[in-house]
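Trainee: Take a look and give me a structure for this.
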Amino acid sequence: MKISRIYITIFVFFIVGIFIVFPALIPTTAHALSLDAIISDQSTQVEGGDRLYFEVDIKYPENSTRQDLRLEYQIKENGMVIETEKVLRAVETQTSFLDYIVVPKNAKGGIHELNVIVRDYNGDINESVSATFNITKGMDEITKYFFVILAVILFVALLVIVQIFVISRRER
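Mentor: Residues are numbered from 1 along each chain as shown. Just a heads-up that it's a prediction; the model follows:
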């Protein structure tokens, strides 16, 4: 009976030891990457066809060498991606840069979402962050041409009225 208790105790310590020590031997792929996307107050209101300027902050303190990261910028409208752009950036421990994406001309007015997705080539890093902005409907091209032509006509009419006034004043 004593021998079996000793074997059971050894077996229990062996099993507990495996559960404590073995997970520490398995390499983990956790990365301490911090990602932030900031749209300045001046860029929160854009029109279709304009550039949306934003700042991207990447902090990767555990990285000791230069690493290429793939960044993908997406504009979402009601959950659907309407524009995407991909860039490549080299990062050591941290970087901050200004970038832009062109808002599609046919984008509907209202609140939209900018997603910034960061990936590496090994597949170890896959982080994303989002920020919101507003698309305002600007004038279309025909409306702009209408107002330009209207302004020219009013200017010519003003010149004609001034000329008539000057001529009538000379005849008196």
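Trainee: List the residue ranges of the protein that fall below the pLDDT cut-off.
Mentor: Within the chain, the ranges that satisfy pLDDT under 70 run 1-3, 12-13, 16-31, 138-141.
Trainee: Tell me which stretches of it form strands.
Mentor: 34-38, 45-47, 51-59, 67-77, 80-91, 94-102, 110-120, 126-136 (DSSP state E).
Trainee: Save these as CSV, and put in mean neighbour count and distance to Thr143 too.
Mentor: Just so you know, the C-beta spots here come from the backbone N, C-alpha and C atoms, and that holds for glycine as well. Putting these into CSV (neighbours: other CB atoms under 10 Å; distance: least, CB to CB, whole Å) gives the following:
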stretch, mean neighbour count, distance to Thr143
strand 34-38, 15, 33
strand 45-47, 15, 13
strand 51-59, 17, 22
strand 67-77, 17, 23
strand 80-91, 13, 23
strand 94-102, 13, 21
strand 110-120, 17, 20
strand 126-136, 14, 14
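Trainee: For Arg5, find the nearest of those strands.
Mentor: strand 126-136 (50.6 Å; CB to CB).
Trainee: and the closest one with strand 110-120, angle?
Mentor: 160 degrees (axes from the mean of the first three to the mean of the last three CA atoms, to 10 degrees).
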